[in-house]
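> Sequence and predicted structure are below.
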Amino acid sequence: MLVSMLAKTTTKNIKPAILVILTLYLSFSGLAYGASNVSTIWSIDYRFSTNLHNSDLEFSRFSLASETRFSLSRNWSAQLEARAEFADDDVGLGTINGYSSLSRPLVDKKHTRLELDRAFIQWRKRAHSFTLGKQVTPWGVLDGVQITDRFDPVRRRDFIFTDVRPERIARWGARWRNKIGNFKLDTSFALDGTITQQAEPGTLFFTTSTRFTGGVDVTNTPVNISSQNRNNSLAQSTFGARVSHPLGEGDISFLMFRGPDTDPILSLTTHQSINEPITVELNYQRRTLYGATYDVTIGETVLRAELAYIPDQPINIIGDTPLQSADTRRLLAGFGLDWSAPDQWFVNAQLAIDYIDGEELNLLRPDTDTILTLRAQRLFVNGRLLFKAELLGTLNQRDGVLRPELVYEYTDKLKLRSGIDWLFGDENSQFGQFKDNSRLWFAATYTF
């Protein structure tokens, strides 16, 4: 039964796959002209999962990605990354109504999508660089915990179950990095209104917890969801700066940026039809973040810390009418430890605190969330087999996910992976809302 379902999915997507592959090759040919050196890495990935509760095959996605680097001269280079994906209705490819016209997929069909992930040209000389094009700005030192790392929108179509966390979405803009003495200055401007990608309604990881839906019970209330038009480049842009300097054996940085929030607030649209599902709009309002980071290596241990303050955090609140919102103060702090333990073990532990000032507001979430992440990993079989286990959870809500995983490097080009995502907690909590989707998953990645 499993084999027939996989064959059906592959057959259904093979025709659009050929079209997308040809499109990828054509998109790369123009930039190759005139470059002194061109290198391309291709990656083919297929993954599927079965539900731990009923053994149903519920996730199946195939992707083809490429990364091409162009050496144009001694100081100039360019990079182009593209990704084609195929998925069935229950999995989906994520919403795109929050994308600006500049960043929308090149091909967008029901089960097929081709996106340009990166496309930029860069000038570099010694400690100075200028990057122009579609890019990301990762400003954080913690591993996957977003404290100061909130400059870019992220993909949330698969919740947190991504190979890179957070999975940032690149936007069109400019970035200037230089060094003056021991000071490093990093400035970035994203002239692109694209915001966070959500799971499509009805798919595995569509959010149902009322803390994220403005208090609306979307499981029992018919709702149509829309997003603001994201084509007002200046009004929806993100800009900021970070200054770094050595401190002791480590590095400290201070940063500030302003732009659309990574999380939406929900509001009712002006016109509502009688006897029709209510129409809700996702609004990604602008806010300002002030932050600081510090990381230091002491022997076999790396210590990391982040602090962020948002004076104008937009949130949904409980009010006399549905989907009310307000701006309030938000404080985030995170602490991390990387330890190269004995017997070749690597251990990572992180603690994050997320505080919302709700003294005069009726909040939809606790005023303080305490998030814990623990990860341990070790190589076996002459470095070809990697075992890792990860626990993520919200201590005050007593929900979370346990993720054991095995990664086997069958050859230098073929990597096989398998793991379990076991979710637990109250069905209205941020992890527990997906506990019925706990799963056993498999993935194969071929790189050439």
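Looks like it arrived, so ask away.
> Run through the helices of this protein in chain order.
2-32 (DSSP state H).
> Show me the residue sitting in the middle of it in space.
The centroid of the chain falls nearest to Glu167 when counting by CA atoms, centre = their mean (2.6 Å).
> Skipping adjacent residues, who's closest to it in space?
Spatial nearest neighbour of Glu167, excluding adjacent residues (CB to CB, 6 or more residues apart in numbering): Arg155 at 4.3 Å. For glycine as for every other residue, the C-beta is placed from the backbone atoms N, C-alpha and C.
> same thing with Asp117?
With CB to CB, 6+ apart, the residue lying closest to Asp117 is Glu81, at 4.2 Å.
> can you tell me how far the one you found sits from Asn75?
21 Å (CB to CB, to the nearest Å).
> before we move on, the earlier item: surely the residue nearest to the centre of the chain meets Asp152?
No. Contact criterion CB atoms under 8 Å: Glu167 and Asp152 do not qualify, at 9.7 Å.
> pLDDT below threshold where in this protein?
1-36, 89, 271-274 (pLDDT under 70).
> can we see that at 80?
1-36, 88-91, 221-222, 226-229, 231-233, 269-278 (pLDDT under 80).
> hang on, the earlier thing: residues in contact with the residue nearest to Asp117?
By CB atoms under 8 Å, 6 or more residues apart in numbering, the residues touching Glu81 are 65-68, 116-119.
> ends of stretch 424-439, how far apart?
12 Å (CA to CA, to the nearest Å).
> what comes up buried for it?
For stretch 424-439, a neighbour-count test (16 or more other CB atoms under 10 Å) marks 425, 429-435, 437-439 as buried.
> Quick check: of those residues, which lies closest to Thr262?
Looking at the buried residues of stretch 424-439 and their distance to Thr262, the nearest is Gln430, at 14.4 Å (CB to CB).
> Quick check: chain neighbours aside, which residue is closest to that closest one?
Counting by CB to CB, 6+ apart, the residue nearest Gln430 is Ser209, at 5.7 Å.
> what about that neighbour, neighbour count?
When counting by other CB atoms under 10 Å, one arrives at 21 neighbours for Ser209.
> now it: how far from Leu406?
Taken as CB to CB, the span from Ser209 to Leu406 is 30 Å.
> Any figure for the gap between Asn224 and Gly215?
Per CB to CB, Asn224 is found 17 Å from Gly215.
> So these two - more neighbours on which side?
Comparing Asn224 with Gly215 by other CB under 10 Å, the one with more neighbours is Gly215, at 17 against 14.
> ok, now which ones touch the more buried one?
Applying CB under 8 Å, 6+ apart to Gly215 gives the contacts 316, 318, 322-323, 364.
> quick one, phi/psi of it?
Per-residue torsions, Gly215: phi 90, psi 0 (degrees, to the nearest 10).
> for Asn54, same thing?
The phi/psi pair for Asn54 (degrees, to the nearest 10) is phi -130, psi 0.
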